[in-house]
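J.: what would the 3D arrangement of this be:
(chains A and B)
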Amino acid sequence: EPEVTQTPSHQVTQMGQEVILRCVPISNHLYFYWYRQILGQKVEFLVSFYNNEISEKSEIFDDQFSVERPDGSNFTLKIRSTKLEDSAMYFCASSETSTIPAPLHFGNGTRLTVT
Amino acid sequence: GENVEQHPSTLSVQEGDSAVIKCTYSDSASNYFPWYKQELGKGPQLIIDIRSNVGEKKDQRIAVTLNKTAKHFSLHITETQPEDSAVYFCAASIGGSGNTGKLIFGQGTTLQVKP
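T.: Here you go, the predicted structure:
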């Protein structure tokens, strides 16, 4: 069964550094998302992306965050200057458009640790 | 703001018993309600979903019910097995978002099925 893949599985970075989290969505999906889960808390929506632009973003997704689809397969989340509070599991998801709203399929996540 | 409340936070049952997890939501325009299962080290996996034009949906041992008037929905697992042990999340779409994929998640329920 097709799946969403994320790399790396674990990323450790120092405060103030830039990080890029990578995702390969399911190939025939057209909508892409990033969610995050701080340890012990709810899964939170960050951003949705369709047709090479952001469809919607949450208040968490400030100017330090950006997303990009640099080619036909990858979808990335960049954090320009990481803070301690950015430490979390970051999940990429994708969906197709045959139904609205369409089911989201999640990857296994990247654990980001900011020291 | 929009919110989803999920109960209980932990649930322990004997193998073969039933398990019920309940969620309430605040946005009356929500029209899509998925349930996700998350195993250790993995991303949320969609197990069943229901749309607002349906009151109940069943898939083998799993069923979901929706009461739009009361704004609550429930997950029912019958004949539980040890492999059902995981964290379960309910979620609700945010009304007016079309297919932006913005979901609000509940806090999660850790289900333990004892052999």
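
J.: show me the contacts for residue B:36.
T.: By Cβ atoms under 8 Å, 6 or more residues apart in numbering or on different chains, the contact set of residue B:36 is A:106, B:44, B:45, B:46, B:47, B:88, B:89, B:90, B:91, B:105. Just so you know, the C-beta spots here come from the backbone N, C-alpha and C atoms, and that holds for glycine as well.

J.: any idea what it is bridged to?
T.: residue B:46, residue B:89 (DSSP bridges).

J.: sorry, back to before: give the ChimeraX command for selecting the buried subset of the contacts of residue B:36.
T.: Only the buried entries of those go into this ChimeraX selection, using 16 or more other Cβ atoms under 10 Å in any protein chain shown:
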select /A:106 /B:44,47,88,89,90,91,105
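
J.: quick one: neighbours of residue A:15, just the number.
T.: Neighbourhood size, residue A:15 [other Cβ atoms under 10 Å in any protein chain shown]: 13.

J.: separation between it and residue A:108?
T.: For residue A:15, the distance to residue A:108 equals 25 Å [Cβ to Cβ, to the nearest Å].

J.: check residue A:41 too.
T.: Counting by Cβ to Cβ, the gap from residue A:41 to residue A:108 is 18 Å.

J.: number of nearby residues for residue 42?
T.: All of this refers to chain A. 19.

J.: not what I meant, chain B
T.: 13.

J.: find the nearest non-adjacent residue to it, please.
T.: Nearest residue to residue B:42, sequence neighbours excluded (Cβ to Cβ, 6 or more residues apart in numbering or on different chains): residue A:108, at 5.1 Å.

J.: who are the neighbours in contact with the residue in chain A that chain B sits nearest to?
T.: With Cβ to the nearest Cβ, the shortest gap between chain A and chain B falls at residue A:106, namely 3.8 Å. For residue A:106, the contact set (Cβ under 8 Å, 6+ apart) comprises A:4, A:35, A:91, A:92, A:93, B:36, B:43, B:44, B:45, B:46.
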